[in-house]
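Predicted structure and sequence below. I'll ask about it afterward.
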Amino acid sequence: MNPGSNPNVDAGEVERFDRLASRWWDPDGESRPLHDLNPLRFSWIAQRIALRGSRALDVGCGGGLLSEALARAGARITGIDMAGAVLDVARLHLLESGLEVDYRQISVEALADAQAGEFDLVCCMEMLEHVPDPASVVAACARLLKPGGKLFLSTLNRTPRSFAAAIVGAEYVMRLLPKGTHHYAQFIKPSELAANLRAAGLVLDEVRGIAYNPLTRKAWLTDSVVVNYLVFASKPA
């Protein structure tokens, strides 16, 4: 699928992530924060739904860090992304890991048109702040869930602290991420995301913050959602 053919895909964002493709699985490369956060995100999901035998979807899967963790736990996982070069790297890494993941270059809206109501859980981590219309992504995720299905999201709050941490600190001071990775205007307040969930017919179950120390490379859950936060929602049965 051509990224430019979907109105809810930023072609510049796709190109930016494609440039990182060859180094996606390098834990000390530009994707270092994703490597550091992935165990926390995975355990948070695993504590809230039985993964073995579940039908799972990873939206904005990138090079497959979370997809492979879910597959290793026994989920039947589909990973979708619009960055073709990154998906190529994800598929190649399966040769090393020996896991099974169905990677597809397709938008979440298009997949929802084709496979509505087929997934027990849908994950969308660190993607909502990179699309023009995050509400459209949330609505599509809701359509993809089975009744009783679970949705797991993570994104960045739109606060001065998040600007300082995710843009000034991560991109310019510590250079953990390439400059231009994030755009402050696209960060999403929890109240805005909660409204999107309600509009999509989902029930908000939990919101937790993520704290991250880039020096020790440790991440942990916190009650503060001022920077990065996780959301857990359910589709009524």
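All right, it came through fine.

Look up the residues forming beta bridges with the most centrally placed residue in the chain.
Geometric centre of the chain, nearest residue: M125, 1.7 Å, by C-alpha atoms, centre = their mean. Applying DSSP bridges to M125 gives these bridge partners: S154.

pretty sure it is touching S67, no?
No - contact criterion C-beta atoms under 8 Å: M125 and S67 do not qualify, at 10.4 Å. Any C-beta I mention is one placed from the backbone N, CA and C, and that applies to glycine too.

any residues in contact with both of the two?
Common contact partners of M125 and S67 (C-beta atoms under 8 Å, 6 or more residues apart in numbering): D58.

Buried ones in stretch 61-81, by neighbour count?
Across stretch 61-81, burial judged by 16 or more other C-beta atoms under 10 Å covers 61-71, 73, 75-81.

could you pull out the helices for the protein?
Secondary structure of the chain (DSSP state H): helices at 11-19, 32-46, 65-72, 84-97, 108-115, 134-144, 160-162, 190-199.

wait, which of these is closest to D205?
D205 lies closest to helix 190-199 among those, at 9.7 Å (C-beta to C-beta).

what sits up against that closest one?
Under C-beta under 8 Å, 6+ apart, the answer for helix 190-199 is 128, 134-135, 138-139, 142, 151, 153, 155, 157, 203-204, 207, 225, 229, 231, 233.

Kindly supply the PyMOL command isolating those of the residues you listed that are buried.
Under the burial definition 16+ other C-beta under 10 Å, those of these that qualify are selected in PyMOL by:
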select buried, resi 128+134+135+138+139+142+151+153+155+157+204+207+225+229+231+233
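
Apart from its chain neighbours, what residue comes closest to F152?
In this structure, F152 finds its nearest non-sequential neighbour in C123, 4.6 Å apart by C-beta to C-beta, 6 or more residues apart in numbering.
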